[in-house]
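Student: the amino acid sequence is not available; the structure is as follows:
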Ligand code: BGC
């Protein structure tokens, strides 16, 4: 049916109408075309029944609540994420939705970000790979994704006005990078632009972002959808490349588009292009319908549990306290054991179809006594609760203490001001550990929390982030060893909030957010500043151990294959996540000490060895060269580090890479150093300026041994004449002319 429609068959008003919603979740029915339903996303389907809102307030139909991105990312497993995407598509279709609003691939710039639970990582490679997998899975079952929030939307505070002031290199290498991978690898049907401004221009009317980069450079062929309520001016938004303003429902906005065309202020071709993109989306939704599978909520719950098990990171396991012996008496403490915190608040909130309670699941595994005490009340303090907790801890063999953040402390719509766990919880932990050193802490939280004290007190720590509806079962599986943990942190745990890269520039002031740390985000910052962290990016232990053999590299066309054997040296089957980081020790531009370029999940039975190959593309070697506004591979030696975390590097090798030609135009503003580094202009300049350099050298005391080349390196060509020695204005012009030729 939609096949028969092109913008040419529609009136100007119909085309303008395609560009805004009819209601909260629905597009309009135009010229007999079926409307599309777009719904939240991303870790479950929030199909609202009755009242509609974008804050997760009004009720929605029951649906499987998979681990939110903060938990899911800890799996580091694109295949698993792809399966989640496919399951979500089936549920979306069952609720009549053709587009599910996710994934969120913004970077966790600051641990206080209120929506960090909805994002994957501080690292763009990990975020991009997992986001692309999610989209692949979803769209393979006939439902479109809406990658969000494009772009540089890294705080909740003042999100509808704030201006993210980011340098181009940080934008390209960090903040746009995850989106670029998702768009160019998985071709999402839609991209959702964010509320905020980027360098002074709102995302929804940012021509550079939506048209030049997204469509022009990345080849995006879907529809650009606004975040809900983001669009101020429909006409300038459409001119910039926005196709669909949501939620819509106000006919005046469509009329404004028509009036702008009639007044010659907006090109009708722009309205046609937007209408065509919305028609493509409608077509894809229609074509996708047969690819959906019937929904089996039991199977989805089982998948949610498998995934949650893979998301749990074992941060510490002193003296092998875990896995627990099921025969030992346990004291389970903390109200999260009874009322789990398993998802975030706001537009992504899912009405979970069912819920595993950790305490019940622990009781199912245990054969000895299981005592329970709430320990603390999330709504207040109580010394009696603390004393009861300590009493059961003292009488048991092991204490398992559930700690975490409540929704009151973190949600869409606001940022946190601290990363501390609530003091009353730490109070209980101290009391428990004082009487029971064999204490395990189980953490539930969306954003990073400070763990320095927990790390000192607890003998073992399990961190699931947020684990979705089956998290309770998964926690029990890992506690008792039915699942051998393999989750890895996707975000650094700093010792103090004050150590964080954006500490002084978050969440900004007067609607201005300066991204002063530039490319030094997450572990890139802590490594560069040599700041100790409590747990590094990529960290996570196992109940078994892995050894890494020697690494070697081979090249395959433009790719580099990083190869090494990995052995499970323990007596349990397990899963290792092998991480490849890269550094460029000597460089002509600023470099982070190392960054993630690839990783591989590998399941190994006890004693087994596997040969692992991780592919790195030539693009992975490139940095964004601001002077030519493009990607450049710098030639020379790169170090390839292979490790089990960003700090636990097990082996490394050096590769020589041929660089791209960097043709920087030489001008009178170029410095002597830049000219001398130029392969042809350098020698020519040296001969022309020999006398000038010699007279400059004469001014230096030879006894000091100072090198004139070093002293003169930062002098711009246009200023040399002042130093005499015959390098006149005419000589300079002649030189620049020759160099241009
Ligand atoms: C959120 C989006 C969400 C939309 C619809 C907005 O407030 O930022 O992530 O998809 O509402 O609920």
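Tutor: That came in fine, so what should we check first? Note that the structure is a prediction, hence the values are computed from the model and not measured.

Student: in stretch 725-736, what's buried?
Tutor: Residues of stretch 725-736 classed as buried by neighbour count (16 or more other Cβ atoms under 10 Å): 725, 727, 732, 735, 736. No exception for glycine: its C-beta is placed from N, CA and C like everyone else's.

Student: ok, the first one touching residue 695?
Tutor: Okay, so that is residue 725. Yes: the criterion here is Cβ atoms under 8 Å, and residue 725 meets it with residue 695 at 4.0 Å.

Student: out of the buried residues of stretch 725-736, list just those in helices.
Tutor: The helices, defined by DSSP state H, take in 732, 735, 736 from those.

Student: how about the second one, what does it touch?
Tutor: For residue 735, the set of contacting residues under the criterion of Cβ atoms under 8 Å, 6 or more residues apart in numbering consists of 684, 685, 688, 717.

Student: pull out the buried members of these.
Tutor: Among the contacts of residue 735, the ones that count as buried by 16+ other Cβ under 10 Å are 685, 688, 717.

Student: surely the second one touches residue 725?
Tutor: No: under the contact definition of Cβ under 8 Å, residue 688 does not touch residue 725, with a separation of 10.6 Å.

Student: any low-confidence regions in the stretch 551-700 of the chain?
Tutor: Judged against pLDDT under 70, the stretch 551-700 of the chain has no low-scoring part.

Student: of the contacts of residue 735, closest to residue 356?
Tutor: Relative to residue 356, the closest of the contacts of residue 735 is residue 717; by Cβ to Cβ it sits at 70.0 Å.

Student: distance of that closest one relative to residue 695?
Tutor: Distance, residue 717 to residue 695, by Cβ to Cβ, to the nearest Å: 16 Å.

Student: what does this structure put close to the ligand?
Tutor: Counting by Cβ under 6 Å from any ligand atom, the chain comes close to the ligand at 40, 41, 54, 101, 148, 227, 228, 347.

Student: now the fourth one, what are its backbone angles?
Tutor: Same thing as residue 101. Torsion angles at residue 101 (phi, psi; degrees, to the nearest 10) stand at phi -80, psi 90.

Student: how many neighbours does the residue lying closest to it once chain neighbours are set aside have?
Tutor: Spatial nearest neighbour of residue 101, excluding adjacent residues (Cβ to Cβ, 6 or more residues apart in numbering): residue 41 at 3.6 Å. Neighbours of residue 41 under the rule other Cβ atoms under 10 Å: 26.

Student: could you do residue 194 as well?
Tutor: If we define neighbours as other Cβ under 10 Å, then residue 194 has 25 of them.

Student: in this structure it contacts residue 148, no?
Tutor: Yes: in this structure, residue 194 is within contact of residue 148 by Cβ under 8 Å, at 7.1 Å.

Student: between these two, which contacts overlap?
Tutor: If you check residue 194 and residue 148 against Cβ under 8 Å, 6+ apart, the residues they both contact are 106, 227.

Student: residue of the stretch 501-650 of the chain closest to the ligand, please.
Tutor: The nearest approach of the stretch 501-650 of the chain to the ligand comes at residue 507, 15.9 Å away (Cβ to the nearest ligand atom).

Student: on that earlier part again, and the residues of the chain next to the ligand, which is closest to residue 589?
Tutor: Nearest to residue 589 among those, counting by Cβ to Cβ, is residue 148 at 30.9 Å.

Student: how far off centre is the helix or strand hosting that closest one?
Tutor: Element membership of residue 148, judged by DSSP states H and E, is strand 144-150. Offset of strand 144-150 from its chain centre (Cα atoms, centre = their mean, to the nearest Å): 13 Å.

Student: give me the mean pLDDT for that strand.
Tutor: Strand 144-150 shows a mean pLDDT of 98.

Student: run through who's touching it.
Tutor: 38, 41, 85, 98-106, 131, 134-135, 138-139, 179, 182-183, 186, 188-195, 203, 209, 214, 222, 225, 227, 281, 284-285, 288.

Student: ok, 6 Å please
Tutor: 99, 101, 104, 106, 135, 138, 179, 182, 188-194, 225, 227, 284 (Cβ atoms under 6 Å, 6 or more residues apart in numbering).

Student: where does pLDDT dip in this protein?
Tutor: Flagging of the chain using pLDDT under 70 yields the residue ranges 1-4, 378-381.

Student: am I right that residue 188 falls within a strand?
Tutor: No: per DSSP: H, G, I helix; E, B strand; the rest coil, residue 188 lies outside any strand segment and is coil.

Student: nearest residue to it other than its sequence neighbours?
Tutor: residue 145 (4.2 Å).

Student: and that neighbour, what are its bridge partners?
Tutor: Beta-bridge partners for residue 145, by DSSP bridges, are residue 100.

Student: secondary structure class for the residue lying closest to residue 592 once chain neighbours are set aside?
Tutor: In space, and not counting its chain neighbours, residue 592 is closest to residue 524: 3.9 Å by Cβ to Cβ, 6+ apart. Following three-state DSSP, the label given to residue 524 is helix.

Student: residue 600 too?
Tutor: strand.

Student: could you do the one 10 residues further on as well?
Tutor: For residue 610, the assignment made with three-state DSSP gives strand.

Student: show me what it bridges to in the sheet.
Tutor: residue 566.

Student: just give me the neighbour total for it.
Tutor: For residue 610, the neighbour count with other Cβ under 10 Å is 17.

Student: also residue 5?
Tutor: Residue 5: 20 surrounding residues under other Cβ under 10 Å.

Student: and what of residue 697?
Tutor: Residues lying near residue 697 (other Cβ under 10 Å) number 15.

Student: so it is in contact with residue 708, correct?
Tutor: Yes: with contact defined as Cβ atoms under 6 Å, residue 697 counts as touching residue 708 (4.1 Å).

Student: how far away is the nearest residue to residue 346 once chain neighbours are set aside from residue 60?
Tutor: Leaving aside its sequence neighbours, residue 346 sits nearest to residue 412 (Cβ to Cβ, 6+ apart; 2.6 Å). Separation of residue 412 from residue 60 (Cβ to Cβ): 15 Å.

Student: over to residue 707?
Tutor: According to Cβ to Cβ, residue 707 and residue 60 sit 70 Å apart.

Student: now residue 608
Tutor: Distance, residue 608 to residue 60, by Cβ to Cβ: 45 Å.

Student: of these two, who's got more company?
Tutor: Under the criterion of other Cβ under 10 Å, the comparison of residue 608 against residue 60 puts residue 60 first, with 20 against 14.

Student: max-length helix in the protein?
Tutor: helix 268-288.

Student: output the contacting helices and strands for that helix.
Tutor: Contact analysis of helix 268-288 by 3 or more Cβ pairs under 6 Å, 6 or more residues apart in numbering; DSSP states H and E lists helix 12-18, strand 223-226, helix 234-240 as its packing neighbours.

Student: ends of stretch 236-247, what's the gap?
Tutor: Separation of the first and last residues of stretch 236-247 by Cα to Cα, to the nearest Å is 17 Å.

Student: and that stretch, how far out from the chain's middle?
Tutor: 25 Å.

Student: what's next to that stretch, contact-wise?
Tutor: With Cβ under 6 Å, 6+ apart as the test, stretch 236-247 has contacts from 19-21, 24, 204-207, 210-211, 223-226, 228, 231, 234, 266, 270, 274, 277-278.

Student: which one of the buried residues of stretch 725-736 is nearest to residue 598?
Tutor: Of all those, residue 736 has the smallest distance to residue 598: 43.5 Å, by Cβ to Cβ.

Student: residues near the residue lying closest to residue 37 once chain neighbours are set aside, how many?
Tutor: With sequence-adjacent residues excluded and distances taken as Cβ to Cβ, 6+ apart, residue 37 is closest to residue 97, at 4.6 Å. Using other Cβ under 10 Å, residue 97 has 26 neighbouring residues.
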